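J.: Predicted coordinates and the sequence they were generated for:
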Amino acid sequence: MSYLPFAIAGWLFFVGLYGVVTSRNYIHLTVCLTVMQSSTYVVLLAIGYRNGATAPIFAGISRSTKTVDPVVQALTLTDIVVSVVVVALLLSLTMDMFTRAKTVDPDEVRELSG
């Protein structure tokens, strides 16, 4: 078992976290959150990977054949869909804030009345 995917996932997470902490722009913040989210893809795929295994298609192969875990692949696809929805929501909120406050800097946004 290799620890390289987990190290890469940790690096991606901390790079994204650094960007979130130092961000002075809502669009930059959204991109950094996406980088943090991509670390979960790497972790999920590393968990489901099996060396020498085939795709999880069970038609025409014996039961003793090693296959990768299809549940982890489904979770990764679900994670991607959730990430796309979160990015779309955050960017739409950023666009709304820009039309109201004329800035995307969190320090320059005054309290919005609604």
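T.: Alright, I've got the coordinates.
J.: From now on I want contacts and neighbour counts done on CA atoms only, so please keep to that.
T.: Will do.
J.: quick one: pLDDT of Gly114?
T.: Gly114 carries a pLDDT value of 59.
J.: Can you tell me how far the residue most central in space within the chain is from Phe13?
T.: Geometric centre of the chain, nearest residue: Gln37, 2.2 Å, by C-alpha atoms, centre = their mean. Counting by C-alpha to C-alpha, to the nearest Å, the gap from Gln37 to Phe13 is 8 Å.
J.: Just give me the neighbour total for Phe58.
T.: Counted with other C-alpha atoms under 10 Å, residues neighbouring Phe58 total 11.
J.: Correction: the previous question concerned Thr22.
T.: Applying other C-alpha under 10 Å, we find 11 residues neighbouring Thr22.
J.: Distance check, it against Gln73.
T.: To Gln73, Thr22 is 33 Å away according to C-alpha to C-alpha.
J.: next one: Gly60
T.: According to C-alpha to C-alpha, Gly60 and Gln73 sit 21 Å apart.
J.: Which one's more surrounded, the two?
T.: Gln73 (18 against 6).
J.: Go ahead and confirm that one touches Ile47.
T.: No - at 9.9 Å, Gln73 does not count as touching Ile47 under the criterion of C-alpha atoms under 8 Å.
J.: Let me know the helix or strand that Arg50 is in.
T.: If you go by DSSP states H and E, Arg50 is not part of any helix or strand.
J.: burial measure for the nearest residue to it once chain neighbours are set aside, as a count.
T.: With sequence-adjacent residues excluded and distances taken as C-alpha to C-alpha, 6 or more residues apart in numbering, Arg50 is closest to Val68, at 5.7 Å. By other C-alpha under 10 Å, 19 other residues sit near Val68.
J.: Tell me the buried residues in stretch 91-107?
T.: Using 16 or more other C-alpha atoms under 10 Å as the test for burial, stretch 91-107 gives 91, 94-95, 97, 103-105.
J.: Please report phi then psi for Thr54.
T.: Dihedral pair for Thr54: phi -110, psi 180, per degrees, to the nearest 10.
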